[in-house]
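Student: Take a look and give me a structure for this.
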Amino acid sequence: MKIDNTPNSVLISGGTQGLGLAVARSLVENGCREIILAGRTAETGARAQAEITALGATCHYIQTDISDATQAKRLIETAITHFDGLNSLVNAAATTSRGSLVDTDLDLWDEHMNINLRGPFLLMQGLTRHLLARQAAGSMVNILSTSAHVGQSFLTAYSTSKGGLLTLTKNTANALRADKIRVNAVAPGWMDTPAEAEIQKRFHGADDNWVEKAEATMPMGQLAKPAQLAPLITYLLSPSSGIITGATIDYDQQIIGAVPE
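Tutor: Numbering: from 1, shown residues only. All right, here's what the predicted structure looks like:
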């Protein structure tokens, strides 16, 4: 099935690498021609912008740290100045730094809430206000994690922030149905990304072969891959996904709630 993204104008936070950049590639492959990429690092952003532009889209990179509320608000405002028809959002920016209940300090807690929950909230709020003012339909996809359901002991703040984003997804989907603004979420499991490589080395002493070792323990012999997941997000953003709203799709080989044999 061909995914129809022709009408879409999309902002992707965390769009300069990993899953966010894979979504941008998938969008362009399926007809999207207006993309905003947001991320913290200028060099990475410039490379990503050049790549997506070369694929045939009009692409802008906006350097942003969405942990800062002022920058998050400015991001959506600037994106709209580039594309007045902006109608879609992917909240892919996140931090996954570690901390259990007993060793998570207030700074770490605030970091997770500001990046993983408040930042997406502000972008969703800004885009929704723009769409309502124009009486335009729209679509948003929030990137959660299977950790939103429980999470590991060393992911207390992360899991809580993603659980909050799950509720925000469903709450806003319910509120915006009659305005034809759809809000959905995808919750990946363990994923092979540059950010995850940094986390594994920083917190778990992983070596350069960590992906190979991790995949040897997986039921399907691999970690989740951004290029495999991106078309699902593209579909949820697109008119092809019809009336789907308020959905949370667990994208993983581990089954939530399953009891070990």
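
Student: Report the distance from the helix or strand where Gln228 lies to the chain centre.
Tutor: Assigned by DSSP states H and E, Gln228 belongs to helix 226-237. Relative to the centre of its chain, helix 226-237 is centred 11 Å away, using CA atoms, centre = their mean, to the nearest Å.

Student: ok, then the element right after that helix?
Tutor: For helix 226-237, the following helix or strand on the C-terminal side (DSSP H and E) is strand 248-251.

Student: tell me what that next one is packed against?
Tutor: In this structure, strand 248-251 packs against helix 156-176, strand 181-188, helix 226-237, with contacts taken as 3 or more CB pairs under 8 Å, 6 or more residues apart in numbering; DSSP states H and E. Backbone N, C-alpha and C define where each C-beta goes, glycine included.

Student: Tell me where the model's unsure across the stretch 1-150 of the chain.
Tutor: Counting by pLDDT under 70, the stretch 1-150 of the chain contains low-confidence ranges at 1-2, 4-7.

Student: quick one: the strands in it?
Tutor: Here the stretch 1-150 of the chain has its strands, by DSSP state E, counting those that start in this stretch, at 9-13, 34-39, 58-63, 88-91, 138-143.

Student: now these in CSV, with mean neighbour count?
Tutor: CSV is the format used below for those (neighbours: other CB atoms under 10 Å):
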stretch, mean neighbour count
strand 9-13, 28
strand 34-39, 28
strand 58-63, 19
strand 88-91, 28
strand 138-143, 27
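
Student: Look up the closest residue to Lys170, ignoring the ones flanking it.
Tutor: Gly246 (5.1 Å; CB to CB, 6 or more residues apart in numbering).

Student: neighbours of the one you found, just the number please.
Tutor: With neighbours defined by other CB atoms under 10 Å, the count for Gly246 comes to 16.

Student: Likewise for His204?
Tutor: Residues near His204, counting by other CB under 10 Å, number 10.

Student: need the contact list for the residue lying closest to Thr169 once chain neighbours are set aside.
Tutor: Sequence neighbours aside, Ala185 is the residue nearest to Thr169 in space, at 4.3 Å (criterion: CB to CB, 6+ apart). Remark: with contacts taken as CB atoms under 8 Å, 6 or more residues apart in numbering, Ala185 is in contact with 141-144, 165-166, 169, 247-249.
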